[in-house]
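1. Take a look and give me a structure for this.
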Amino acid sequence: PNAPAAAEWMEPPARLPYATSTPGVGGAVGERGRYERYQVTELLGKIPQYEGSATPHWVIRLKRQGGTTAWCRRKLAKAFELESVEDVGCCGSRDEVDALVTQHFSIPLGLLDASGPALDEEGARSRVPPVFKVSCIKRAGAALRPGMCAGTAYAVVVSGAAEGALETCKQTLVHVLRAGVPNYYGARVVGADCARAARGRGLALGLVSLE
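-> This next block holds a predicted model:
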């Protein structure tokens, strides 16, 4: 019922121009069930340092095969016996379900007394569900929240690429380094026909309601 039309300046992702004029290389990205062919790594920015008066948290860097961020938070909340899944902090969503994903989460611990947190690093590691691989644990003075991520790194295997694909990629890279790329948002964010973007604009302008 509440479906405002997209604004004139909203261009569906499928109709946006390419960033370069070099030809495509064909092939396919990743392969279902082979997570190592599509790797997504969250790069953590600066986090608050732990000091004696701060509320202590363990910041845990986890690697997983598939799964969503919400699924991870539910798993961790249960493993650490937290009252709410909202107690598990993160920098944002990493929901590439067919990828090998490295992501950070924070767990609040509280202090027993002046001797330090109730759960030491080894105890924290032991509570992490075996579906995850722990690559790092560090103490922080606050929970992770959106905006603490410094970026995202991708490692992608393209299978079945056309002959000469490597040289084509080098030419494309030269152009990108010189001219940059447009800051496009894909269909997953704005909707295939900009429906999500249009609804968001309608909410901001008071043209539609959440009901």
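2. low-scoring pLDDT stretches of this protein, where are they?
-> 1-4, 30, 50-54, 110-118, 211 (pLDDT under 70).
3. Any idea which residue is closest to the centre of it?
-> residue 94 (2.7 Å; Cα atoms, centre = their mean).
4. ok, now which ones touch that residue?
-> By Cβ atoms under 8 Å, 6 or more residues apart in numbering, the contact list for residue 94 reads 40, 42, 69, 101, 103, 152. C-beta here means a position set from N, CA and C on the backbone, and glycine is covered the same way.
5. for residue 137, same thing?
-> 58, 59, 60, 61, 121, 124, 125.
6. Skipping its backbone neighbours, what lies nearest the fifth one in space?
-> Counting by Cβ to Cβ, 6 or more residues apart in numbering, the nearest residue to residue 121 once its immediate chain neighbours are dropped is residue 137, at 5.2 Å.
7. and the one you found, that's in a strand?
-> Yes. Remark: residue 137 belongs to a strand, assigned using DSSP: H, G, I helix; E, B strand; the rest coil.
8. Which strand residues bridge it?
-> On the basis of DSSP bridges, residue 137 is bridged to residue 60.
9. So in the protein, which helix runs the longest?
-> For the chain, the helix with the greatest residue count under DSSP state H is helix 165-179.
10. now what about that one, what contacts it?
-> Against helix 165-179 from outside (Cβ under 8 Å, 6+ apart): 19, 20, 21, 22, 23, 25, 26, 27, 158, 162.
11. Only the buried members of these: can you turn that into a PyMOL selection?
-> The buried subset of the contacts of helix 165-179, as determined by 16 or more other Cβ atoms under 10 Å, is captured in PyMOL by this line:
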select buried, resi 20+22+25
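12. Among the contacts of helix 165-179, which ones are in helices?
-> Counting by DSSP H, those contribute nothing to helices.
13. From the contacts of helix 165-179, which land in strands?
-> residue 158 (DSSP state E).
14. Mark which of the contacts of residue 137 are buried, thanks.
-> 58, 59, 60, 61, 124.
15. Name the nearest of the residues you listed relative to residue 33.
-> When these are ranked by distance to residue 33 (Cβ to Cβ), residue 61 comes first, at 24.2 Å.
16. Just to check, the closest one is in contact with residue 102?
-> Yes. Checked against Cβ atoms under 8 Å, the pair residue 61 and residue 102 is within contact range at 6.5 Å.
17. before we move on, back to that, export the contacts of helix 165-179 to TSV and tack on distance to residue 183?
-> Below are these laid out as TSV (distance: Cβ to Cβ, whole Å):
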residue	distance to residue 183
19	10
20	15
21	19
22	20
23	23
25	23
26	26
27	25
158	23
162	28
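18. biggest separation within the contacts of residue 94, which pair?
-> Maximum distance among the contacts of residue 94 (Cβ to Cβ): 12.8 Å, for 69 and 152.
19. how close does residue 133 get to residue 126?
-> 14 Å (Cβ to Cβ, to the nearest Å).
20. Let me know the closest of the contacts of residue 94 to residue 206.
-> residue 69 (30.5 Å).
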